[in-house]
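**Q** Dropping a prediction and its sequence here:
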Amino acid sequence: MNSYDAGDPVRLVGTFTNVGGTLTDPTTIALRIWPPAQFGGVTPGTLAYDYASGSIVRQSAGSYTFDINPLPSGTPGVWRYSYVGSGALNAVFQGAFAVRQEPW
């Protein structure tokens, strides 16, 4: 799992492959991001994006990226994300990254 300092931009990469292992584009793509619980155990809401809105960028067949600046205040902890593809290819790509606590 990659780790970042609070406030650093993070590029979330998602890849989709068919059963033969070939990178393949789904018809629709959704991205869900789950920030870590904040002080007091409060879990912020899920962040949701989709390819149709233009916020997710296609790099090449089956490969997509989304840039995020983990806010509020670079919330430290483990952030989870999931790309969900449907239509021509039904598949899910999941990942996680950690944001380190500011040292001051």
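**A** Right, received. Where do you want to start?
**Q** what sits against the most centrally placed residue in the chain?
**A** In the chain, the centroid-proximal residue (Cα atoms, centre = their mean) is Tyr81; its distance is 4.0 Å. Contacts of Tyr81 were listed using Cβ atoms under 8 Å, 6 or more residues apart in numbering, and they are 12, 14, 31-34, 94-97. Yep, even glycine has a C-beta here, placed from its N, CA and C like the rest.
**Q** Name the nearest of those relative to Ser53.
**A** Using Cβ to Cβ, Leu31 comes nearest to Ser53 of the contacts of Tyr81, at 10.1 Å.
**Q** What count of nearby residues applies to that closest one?
**A** 22 (other Cβ atoms under 10 Å).
**Q** Quick one: residues contacting it.
**A** For Leu31, the contact set (Cβ under 8 Å, 6+ apart) comprises 12, 14, 48-50, 55-56, 66, 81-84.
**Q** Tell me the strands beside the helix or strand where Ile29 lies, with direction?
**A** In this assignment (DSSP states H and E), Ile29 forms part of strand 28-34. Partner strands for strand 28-34, per DSSP bridges, with pairing direction: strand 47-50 (antiparallel), strand 77-86 (antiparallel).
**Q** follow-up on the earlier one: counting neighbours, which of the contacts of Leu31 comes out on top?
**A** Counting neighbours by other Cβ under 10 Å, Tyr83 leads those with 25 neighbours.
**Q** Apart from its neighbours in sequence, what residue is nearest it?
**A** Spatially, and ignoring its direct neighbours in sequence, Tyr83 is nearest to Gly14 (3.3 Å; Cβ to Cβ, 6 or more residues apart in numbering).
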